[in-house]
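Asks: Structure here, sequence nowhere to be found:
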C-alpha cells in the first residue's frame, strides 16, 4: 500500500532551467534506443541560430527551446518531436528556413516546426485576425500531425511560467489567449496536468489580486489541515488494504482556478468551500475501482447527485475515473477520485499516453479515431467559415462547451454540447437527417424540437422527405454544424427563389422590346454585362435582379439598343411612397397605406390570415407582398420597401378565403381516423383543396391538408377539433 502526502499546485516556483544533458537522460529513461546524435545536432543548430538573442530576463534564448523539449520529453514523445521542440523558434526568430530544416534534419521535423511557426511575415488588418489565422494554420497542421499541438502546448507552458518578465498588460493579453484557446485544447487532448497549470497561470495574470488572496487562503488552510488530510488518506488506505486491494492513495488541493470558479458561481467565500480537497485512489484493475467505491460509500455517506461514472461512460478525450463526494470525518465534504494506474496515465498525459515504441525504436501513436471527432468538426468549420474571427469564436464555443451524453435507438453514443436539441442530434447523425427532421421521440415519448437533451436520453429522429430546414431552428440549435447546415440550406433556397424571380422579371421586361431572355442568356452581350458589373457569371446577375439589388430595367437598357427602346411602349410608372398604380377594382382584402384595391399577393412562406398582424413589401415587380409580422423571410428585406398594410373590411378576400395548410401527425392503424379528420372540415363548412396522406418510416402517418380559411379564428377552430381526435399526435401549420 503506497501512501503519498498531499502536494500543492506548482505554479509559484520552478526548478532551474534543465540542461541538454538532463534532457538526454530524461529521454533515455523511456526510449529504448534514442538517436542521440540527431537530438544533439538539433541542439547545436538551435544554439547557434539563437546565440545573439536574449530572453526578457537576460538569459540566453536557448534556455527556452531546451525547456520546451524537456516538457515534450515529459510526455515521452519521439526524437522528431524533441527536435521540433528544440528548433521550434528558429524559423520565426532567426534567418533559418523550413528548407534548411528539411535538408539538415528531415521533412518530418521541418513539417512539425512549420506547423508551430506563427504567420509573423504576413500583414493582417487586426491583431484578432492575426490570432485567428495563426490558429487556423496550426489547426490544419495539427489535423495532419497531432504532435504539432503537443509542441505548441509545451511552448505555451514554458512561456506562461516565465510571464512575469513581461509588462503587465502584455502578460494579461497572453494569459487571456491561453485561457481562451490553449487550456481548452489541452483539456480536449486529455492533458489534465497541462490544462490545470495553464488555467492557474492564466488566473494569476488575469486576476492578480484574487489569485494572491486565494493562494494565501489555500496555503494557510493547508497548514491547518495537514493532520486532517493525513487522517483521510490513512482511513482510505486501511479500508482498502483490509479488502486485500493494492492501491496508492494521495491527496491534493483542487486547482486555484477551479476553486475560484466555484466561489464565483455559488457567490461564497473560500471559508464556505468545503470540498476544496480531492483524494485519489489508484488501483490495478477496473473491477477494483467499483469495489473501492463501495467501501468508501460504506464508510462515509455519499452526497446524492455527486457521483459520476466516467469509466463506463468516458469523456470524449477518453478520461476515465469514478468521482464521488462524501461526508468525511468531522462532517466535512471530501471528493474522492478512483481510477486504475493506466487510467491515471491517460488522465494526466492524454494523447501523449497513447504513444508507444516499436522494438526498432520508432514511435507510433495508437489508433483512436473517436478521440479526434472534435478535431474533425473544427476542420469542417475551417472550410466553411470565410471570416477568421467568426471561425475562432466558433472554436472557442466548441472547446468550452459542457457536454451531454445521448444515444441512438441502436445504442450508439452521441456527445453534444449541453443545451443541444433534437435538431442538433439530427445533424450530428447526418446532414440529410437534419434537413428532413420533423419531430423527435425521446425515451419513447414525442418531444418538441426545442427540447433540451439530457444525459442518457435515447433519441429517435422522425423524418419526412417533404420537410425542409426552418429559420426558426436557428433560434435554439446549439451546435455549429447544425447552424452551418441550416444557413447553407436557407441560403441555397433563397438563391434558387431569387434566380427564378429574376428570370421572370427580366423576361417580362425584355418582351417589351421583343427580346427573349432564353436567347439572350446564350449571347455574349449578357455575359459581358455580368463581367462589367463584377459578377462571375450570368446566373449571379439574374439572382441579383431577383433579390432587387439590380433592376430589370437597367439590364434591359444595357443590352437593348436605344433605337429599339424608343419605339417600345413606355413602362408602367413606378410605385413611390403612397402614390401607387390603381388596378382593376376587386374586394378590399388588404388595405395598402390607406388605399383599397392595390395589387397584392399573399406570401406563401407564412400564409397570413385576417386576424393576424401583417406587413407589406414592394416587390421588384411593383406589387405588394403581404407577410405575417415576424416572418423570418422579411428580416433580410430592404426596409425602404416596407409599406403599411391592414386587413380590409372584406378581409376574407371574397367568398374563397385565403389558402392555408396543416400538417397532422397521427398514429397508424386507428380505424376511421382519416374519416374523422375529414368530417372535422365538413362540420366546420371548410372545403379541402388537397390532401396527401403517407406513412412515414417511423411508423407514424403524415397528413397534409390544404384548404381556404376566411380568417385566423376559422383556422384555430379546425386545429382545435383535429387535436381533440384520438390518435392525433400533433397539428402544425405548414410553411412553404
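Replies: Sure, I can see it. What you see is a predicted model; the values in this text were computed from it and never measured.
Asks: show me where the stretch 351-500 of the chain has strands.
Replies: Using DSSP state E, counting those that start in this stretch, the strands assigned to the stretch 351-500 of the chain run over residues 355-357, 363-365, 403-407, 413-417, 437-442, 445-447, 459-463.
Asks: These: which one's closest to residue 174?
Replies: strand 413-417 (27.3 Å; C-beta to C-beta). In this view, the C-beta of every residue, glycine as well, is placed from N, C-alpha and C.
Asks: Residue 624 and residue 710: what is the separation?
Replies: Separation of residue 624 from residue 710 (C-beta to C-beta, to the nearest Å): 21 Å.
Asks: so residue 543 sits right up against residue 492, yeah?
Replies: No. With contacts counted by C-beta atoms under 8 Å, residue 543 stays clear of residue 492, the gap being 11.3 Å.
Asks: So for those two, which sits in the more crowded spot?
Replies: With neighbours defined as other C-beta atoms under 10 Å, residue 543 and residue 492 compare such that residue 543 has more, 23 against 10.
Asks: Could you look up the SS state of the more buried one?
Replies: Recorded secondary structure, residue 543: helix (DSSP: H, G, I helix; E, B strand; the rest coil).
Asks: go on, the one 10 residues further on?
Replies: When the structure is reduced to helix, strand and coil (three-state DSSP), residue 553 reads as helix.
Asks: I figured it hits residue 506, correct?
Replies: No. Contact criterion C-beta under 8 Å: residue 553 and residue 506 do not qualify, at 9.8 Å.
Asks: The two: which has the busier surroundings?
Replies: Set side by side, residue 553 and residue 506 give different neighbour counts by other C-beta under 10 Å, the larger being at residue 506 (26 against 17).
Asks: Quick check, pLDDT for the residue positioned nearest the centre of the chain.
Replies: Per C-alpha atoms, centre = their mean, the C-alpha nearest to the average position across the chain is that of residue 480, at 3.8 Å. On the pLDDT scale, residue 480 is placed at 79.
Asks: Likewise for residue 566?
Replies: 56.
Asks: Output the below-cut-off pLDDT ranges for the stretch 451-600 of the chain.
Replies: 561-589, 592-599 (pLDDT under 70).
Asks: name the element residue 264 belongs to?
Replies: Per DSSP states H and E: residue 264 is located in helix 256-266.
Asks: Show me where the stretch 151-300 of the chain has its helices.
Replies: Taking DSSP state H, counting those that start in this stretch as the criterion, the stretch 151-300 of the chain carries its helices at 168-177, 183-188, 192-206, 208-224, 226-242, 256-266, 286-299.
Asks: of these, which approaches residue 521 most closely?
Replies: Checking the helices of the stretch 151-300 of the chain against residue 521 by C-beta to C-beta gives helix 183-188 as the closest, at 50.5 Å.
Asks: Does that closest one pack against any helices or strands, and if so which?
Replies: helix 147-161, helix 192-206, helix 388-400 (3 or more C-beta pairs under 8 Å, 6 or more residues apart in numbering; DSSP states H and E).
Asks: mean pLDDT for those: which is lowest?
Replies: Across these, helix 388-400 has the smallest mean pLDDT, namely a mean of 54.
Asks: for this structure, longest helix please?
Replies: Taking DSSP state H as the criterion, the chain has its longest helix at helix 480-511.
Asks: Packing partners of the host helix or strand of residue 346?
Replies: Using DSSP H and E, residue 346 sits in helix 341-349. Where contact means 3+ C-beta pairs under 8 Å, 6+ apart, helix 341-349 is packed against helix 192-206, strand 277-283.
Asks: could these be laid out in JSON lines, adding mean neighbour count and distance to residue 422?
Replies: Converted to JSON lines, the helices and strands packed on helix 341-349 look like this (neighbours: other C-beta atoms under 10 Å; distance: least, C-beta to C-beta, whole Å):
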{"stretch": "helix 192-206", "mean neighbour count": "23", "distance to residue 422": "32"}
{"stretch": "strand 277-283", "mean neighbour count": "22", "distance to residue 422": "36"}
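Asks: Redo the ones you listed as JSON lines? Include distance to residue 254.
Replies: Formatted as JSON lines, those follow (distance: least, C-beta to C-beta, whole Å):
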{"stretch": "helix 192-206", "distance to residue 254": "9"}
{"stretch": "strand 277-283", "distance to residue 254": "5"}
